[in-house]
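*Asks:* here is my input, please return the structure:
(2 chains)
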Amino acid sequence: MSKTTVPAGGLSSDSVTTAKIADDAVTAAKTGFSLGKIGQVVQASANNGNSTTSTSFVASTCTVDITPTASSSKILITASISFSNTHNDKAFFSLYRGSTNLGNSGDGFRENKNAGGASHDSVTITYLDSPSSTSATTYKVYYRVTSGGTVAFNPDSTNWTIIAQEVLA
Amino acid sequence: MMTDLQKFWKALLNIKSDVECTIAINVMTEEYFNNNIEWKTGVDSNGITTSTTTNPHSELTWTKVKAEMDKL
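*Replies:* A predicted model of the protein is given here:
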């Protein structure tokens, strides 16, 4: 194996080009930081919606499917939605993986309290999930309202958006 | 001015204040009312509402709801 003497003053700028570095010459252990990266990005967006008086969670129209390439991957979900809460009550929003509530069992991830009159607002849910699976996985926003209230998901037919990003281990 | 969606909910809740159901946005016809509204029947172990499209509330008919909506 040939030897190369490194000058006492160190290597000059740009002396080690990418082409001079053999494949796998630098391991993750030597970089000093994780080499986690985005494996795939899936986005869903539409302008449909629904509305409920249910005090337990119901499925919204905001949903995305992703199939992780490795069981060690994490899935970063970002959902952006608009809604109206037309009574003086609370609305709650959560994120489900399949039938599993990823948020608080009763209150989910976000709460909106309407102080009276019609309220139009928006909410974003961001969550890093570890599904530990390579099967097709569905993430969906669910919502509910307190008794006697009404909440409309995407009432003005703007576009909701939900993005699933696979973060490789 | 109330939207049709707001009128529908107000009319429905005026007739039966504790009714729980889910509807699509901007779709409210007699055919939809009779066949597509998801009427709550309970909650499963995951906190998800269970429902049926068969209206279990005899006091809630399209005729009554529409009449109530027209008053608003």
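*Asks:* can you tell me the average pLDDT over the helix or strand encompassing B:K7?
*Replies:* In the assignment (DSSP states H and E), B:K7 maps to helix B:4-15. For helix B:4-15, mean pLDDT is 91.
*Asks:* list the buried ones in it?
*Replies:* By 16 or more other Cβ atoms under 10 Å in any protein chain shown, the buried positions in helix B:4-15 come out as B:L5, B:Q6, B:K7, B:F8, B:W9, B:K10, B:A11, B:L12, B:L13, B:I15. C-beta: built from backbone N, CA, C; applies to glycine.
*Asks:* contacts for that helix, please.
*Replies:* Helix B:4-15 is contacted from outside by A:51, A:53, A:86, A:118, A:148, A:150, A:152, A:155, B:2, B:19, B:21, B:23, B:25-26, B:28, B:59-60, B:64-66, B:68-69, B:71-72, using Cβ atoms under 8 Å, 6 or more residues apart in numbering or on different chains.
*Asks:* do that again at 6 Å, thanks
*Replies:* Helix B:4-15 is contacted by residues A:T86, A:T150, B:M28, B:K64, B:V65, B:E68, B:M69, B:L72 when judged by Cβ atoms under 6 Å, 6 or more residues apart in numbering or on different chains.
*Asks:* assign a three-state SS to the fifth one, would you?
*Replies:* Read it as B:V65. Secondary structure, DSSP: H, G, I helix; E, B strand; the rest coil: B:V65 is helix.
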